[in-house]
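A.B. asks: sequence first, predicted model second:
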Amino acid sequence: MSRKKAAVRVRAEWDQEAGVWVAESGNLPGLVTEAETVELLFEKLRAMVPELLSYSPDLASGFLPEIRVTLLRRKGDHEIWLCPKSRRPIVVDNRIKSRHTANAIIKQAGLPKQF
């Protein structure tokens, strides 16, 4: 029985002190990098992911040819996420209490789920 393939998932967070985006993957061991801009970060990831997967064909067989990056920057009680569909940043209040507000954010992100 073959297992379901997944995208490489990368979480990138802004490090204010260092002035860089720090990225790491929870499902691709060894993937950790940093860059001063999002564009440079994406360039690095496009090079690093195939290289890491080339070292382990067994691991590579479990991944889709896709990299999903979640950008995150926190400031106070807000986070900035990158919409996976539109690739636009979305500001999210992490203390949301209203389902209507949550649904509006989900709608802006172009996602189908609603509360």
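C.D. replies: Perfect, thanks for sending it. Numbers count the residues shown, from 1 in each chain.
A.B. asks: what residues are up against the nearest residue to Lys5 once chain neighbours are set aside?
C.D. replies: In space, Lys5 comes closest to Leu64 once its chain neighbours are excluded; the distance is 4.9 Å by C-beta to C-beta, 6 or more residues apart in numbering. All C-beta atoms are positioned from the backbone trio N, CA, C, and that covers glycine. In this structure, Leu64 makes contact with 5-7, judged by C-beta atoms under 8 Å, 6 or more residues apart in numbering.
A.B. asks: surely Ala6 touches Ser61?
C.D. replies: No. The pair Ala6 / Ser61 is not scored as a contact, 11.3 Å apart, by C-beta atoms under 8 Å.
A.B. asks: domain ranges for the chain?
C.D. replies: Using automatic domain parsing, the domain parsing of the chain gives 1-73, 76-115.
A.B. asks: which helix or strand lies directly C-terminal to the least confident helix or strand in the chain by mean pLDDT?
C.D. replies: Ranking every helix and strand in the chain by mean pLDDT, DSSP states H and E puts strand 78-82 at the bottom, with a mean of 69. As assigned by DSSP states H and E, the chain's next helix or strand after strand 78-82 is strand 89-93.
A.B. asks: Ala60 touches Ser54, doesn't it?
C.D. replies: Yes. The pair Ala60 / Ser54 is scored as a contact, 7.1 Å apart, by C-beta under 8 Å.
A.B. asks: and Leu53, how far from Glu34?
C.D. replies: Separation of Leu53 from Glu34 (C-beta to C-beta, to the nearest Å): 20 Å.
A.B. asks: returning to what we had before: nearest to Trp14, of the contacts of Leu64?
C.D. replies: Ala7 (22.2 Å; C-beta to C-beta).
A.B. asks: three-state assignment of the closest one?
C.D. replies: At Ala7, secondary structure determined by DSSP: H, G, I helix; E, B strand; the rest coil is strand.
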